[in-house]
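> just a sequence and a predicted model for now, questions to come.
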Amino acid sequence: MVKRFGDRVALREVSLSAAPGKLLAIIGPNGAGKTTLLSILAGIQSPDGGEVASSPRRVGWVPQQPSLYGKLTVAENLRLFARLERCADPDAAVGRMLDLADLRDRAGDMASTLSGGNRQRLNIAIGLLAEPPALLLDEPSAALDPRQRERLWEFISALAGRGTAVVFSTHNVAEAERYAQQVVVLADGERLFAGSPAELERVVADRPGSEARDFEAAFVAFLRQRGH
Amino acid sequence: MRWLLAKDLRILRRSPLLVAMLVLYPVVIAALVGFAVTSGPSKPRVAVLNEVPPAANSIDLGGQRVDVSQEAKALFESIQSVKVRSRAEAIRKVRSGEVLGALIIPPDITQDLEAATAGGAMPPHVEVLYNADDPAKQAFVQDTIKARVQDANAALAKRFTKVAAGYIRLLASGGRFSFVGGTFDILGLARAEAILRATAARLPSTSPELRRLRGVIEFAHLARQNLGLATGVLSAVGTPIHVDEKVVKGGKTPLGAFAAAVAVTVTLMFITLLLASGALALEREENAFRRLVRGLVSQTGLLVEKLGLAAICSGVVALLLLAGLSLFVSLPWSRVPLWILGLAAGGAAFGALGVAMGSLTREVRAASLLAFMASLPLAVLGLVPSGAVSGGVYDAIRAVSAAFPFRPTLDALQSALGRSGGIVGPVLHLIVLTAAFTALARVALRRFA
């Protein structure tokens, strides 16, 4: 895919593929084009070149900021989006998502009263209402405390375990290493690497004089090697 | 789209303070505007010193008594009179601002009037004292008293003309005349002419008296004819110009119905603009906009939903307001379908303007502020009457007003409430504005997310 904003090229012929049941992490420095890439995959923005194989309606999308109505309850938020998604049985979909997100005991609470972690889980549950085969998450764990992050990743990993292809962007490189089977490294709109976290570490280690003590150090060294 | 509408109504229901503000504020504003539009200036407080003795209120006009105080009633009906006992007290009250002016009627006014009608003196005068601290009030009191004195003069002139015309008829045709307790038989020019003609017929044709008598007959004939015309002339002098009122533009909307139309239009504008702009901007603030337009609802559909939400809510409030106003103002309930048509068209146009504001500002606070700040100038511009400003300025105001929904909505509601036709034009105007503002909002949505 190619995306330009005026003279600035946000994405330069970036390709990726996500497999069912796998987690793919998009990592890179600020301004790398991670959110732009996810927006194009979600169908919110159109690419200037290239195409997305999957229809936006078959892709669940979870924006970075929870996209829900604070003055509706958890169940009402789910029911509204289930109806807008034209789910065959909206009430059944709501029940399923309440269980999946472990929010059944909070179903009658206003969304505005939820903690950040619960809001994000509700946010993801809304993205899953139509049971899409692929789910896009834009920095899902940003602004969550460690305990909330842990619970969120358990939830996301369980989704992948059910066969959903999960693509997420993150600034937290350790999370990418821990949970993703595949990572795509973007910098200045260019795809620099696509492979497993272990492969990225090997690429860095193969360079003479490089010595990375962990994945995050390897990621930084990789970017430096590529002039970023 | 209906689910979004239901969601917005639910959120509104859970915001009772917002709803109360949205309803109460415009209703209060509307009531104030309606009151200001319909209530003319109150009667000015004027001190009145009437020095005419009660027994001297009547004057003798050729044997008939005319009660001047009755003819001058109009003067006192337009002022709130404060009776004073002396000229000094009147001046003191004017100076202190307790009254806006003082009217001093001298004791000999009726005698002067009687003498003037007999042609022997200058016309009588009344004295008016003003407080010039407030030029606007002074002008108002001056205009009011001048107008009412002219009314009193006209009433007296009419009365005098009637008496004078009676005497002219008596001179021309003859009849009975009462004076100082006695009754006299007046021959009249017509009968005098007949007698003279009969006398002339009996005289020999060579008689020198006959020639002189024919001159007298001719005079009597001409005098009778011209006196017959004189009554018409007198009537014309008493009321030389009659006012014939015709409406050449606008319907015959009663003042109360006009005030109701203004009040409802103001209410409709406030509620619709604030709701439409705020509801659209809220979708962005809740981060829901991008999720919604990602195939769940089209951007145009979202605009129409917000427009519809605002138009429905404001329409319901406006109908309730009309029902309430009908307790005080006579409104034509048989024209309810036209009320609904006017409210729907106005609500849609205001809703379109509201979503345009919401999509341009992108934030609830900014959208609400813009809607609030735009409302009053739009209302004021729409209410500027022709003649209040120069022609060029009025044309500019009309052009600006035509570009926004306030004036056409007011026109539509005036037609619906005023028992007159002409609602089609304003409704078509509102449809065009709805389409234009919706298109503007749609363009602005490109940078909304």
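On my side now, so go ahead. Residues are numbered from 1 along each chain as shown, chains lettered A, B, ... in the order given.
> contacts, neighbours, all on C-alpha from now
Will do.
> chain A against chain B: which residues are in contact?
Residues of chain A lying close to chain B by CA under 8 Å from any CA of the partner chain are A:42-44, A:56-57, A:61, A:65-72, A:80, A:83-85.
> so which of these are in strands?
A:Trp61 (DSSP state E).
> and the stretch 1-150 of chain B, which of its residues are near chain A?
B:Trp3, B:Leu4, B:Lys7, B:Ile11, B:Arg14.
> close to chain A: what parts of the stretch 201-350 of chain B are there?
Counting by CA under 8 Å from any CA, the residues of the stretch 201-350 of chain B that sit close to chain A are B:Glu286, B:Asn287, B:Ala288, B:Arg290, B:Arg291, B:Val293, B:Arg294, B:Gly295, B:Leu296, B:Val297.
> can you tell me which two in the residues you listed are farthest apart?
Farthest apart among those by CA to CA are B:Glu286 and B:Gly295. That separation is 17.8 Å.
> can I get the buried ones among the residues of the stretch 1-150 of chain B next to chain A as something I can paste into PyMOL?
Buried residues among the residues of the stretch 1-150 of chain B next to chain A (16 or more other CA atoms under 10 Å in any protein chain shown), as a PyMOL selection:
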select buried, chain B and resi 4+7+11
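> tabulate the residues of the stretch 1-150 of chain B next to chain A (JSON lines), appending secondary structure.
Converted to JSON lines, the residues of the stretch 1-150 of chain B next to chain A look like this (DSSP: H, G, I helix; E, B strand; the rest coil):
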{"residue": "B:Trp3", "secondary structure": "helix"}
{"residue": "B:Leu4", "secondary structure": "helix"}
{"residue": "B:Lys7", "secondary structure": "helix"}
{"residue": "B:Ile11", "secondary structure": "helix"}
{"residue": "B:Arg14", "secondary structure": "coil"}
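> what would the residues of the stretch 1-150 of chain B next to chain A look like in a markdown table with pLDDT?
Formatted as a markdown table, these follow (pLDDT from 0 to 100):
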| residue | pLDDT |
| --- | --- |
| B:Trp3 | 89 |
| B:Leu4 | 89 |
| B:Lys7 | 90 |
| B:Ile11 | 89 |
| B:Arg14 | 87 |
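> any idea how far B:Val384 lies from B:Leu410?
12 Å (CA to CA, to the nearest Å).
> tell me the residue of chain A that sits nearest chain B?
The minimum distance from chain A to chain B, using CA to the nearest CA, falls at A:Ser67 (4.6 Å).
> confidence score at that residue?
In this model, A:Ser67 is scored at 88, pLDDT.
> phi, psi of it?
phi -110, psi 80 (degrees, to the nearest 10).
> my guess is it meets B:Arg284, correct?
No: judged on CA atoms under 8 Å, A:Ser67 makes no contact with B:Arg284 at a distance of 9.2 Å.
> have a look at these two and say which one is more surrounded.
A:Ser67 (26 against 20; other CA atoms under 10 Å in any protein chain shown).
> where do the helices of the stretch 1-150 of chain B begin and end?
For the stretch 1-150 of chain B, the helices defined by DSSP state H, counting those that start in this stretch cover B:2-13, B:16-38, B:68-71, B:73-77, B:87-96, B:109-117, B:135-173.
> dump these into CSV; add distance to B:Phe219 as well.
Shown next, in CSV, are those (distance: least, CA to CA, whole Å):
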stretch, distance to B:Phe219
helix B:2-13, 93
helix B:16-38, 61
helix B:68-71, 37
helix B:73-77, 43
helix B:87-96, 55
helix B:109-117, 27
helix B:135-173, 12
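> which among those helices is found nearest to B:Leu309?
helix B:2-13 (6.4 Å).
> show me what the closest one packs onto, helices and strands only.
Packed against helix B:2-13 by the contact rule (3 or more CA pairs under 8 Å, 6 or more residues apart in numbering or on different chains; DSSP states H and E) you find helix A:74-84, helix B:16-38, helix B:299-325.
> now, of those helices, which is deepest in the fold?
helix A:74-84 (a mean of 23; mean count of other CA atoms under 10 Å in any protein chain shown).
> which element follows that helix toward the C-terminus?
helix A:90-100 (DSSP states H and E).
> the next helix or strand after that next one vs helix A:74-84, what angle?
Using DSSP H and E, the helix or strand that follows helix A:90-100 in sequence is helix A:116-128. Per axes from the mean of the first three to the mean of the last three CA atoms, to 10 degrees, the angle that helix A:116-128 makes with helix A:74-84 is 20 degrees.
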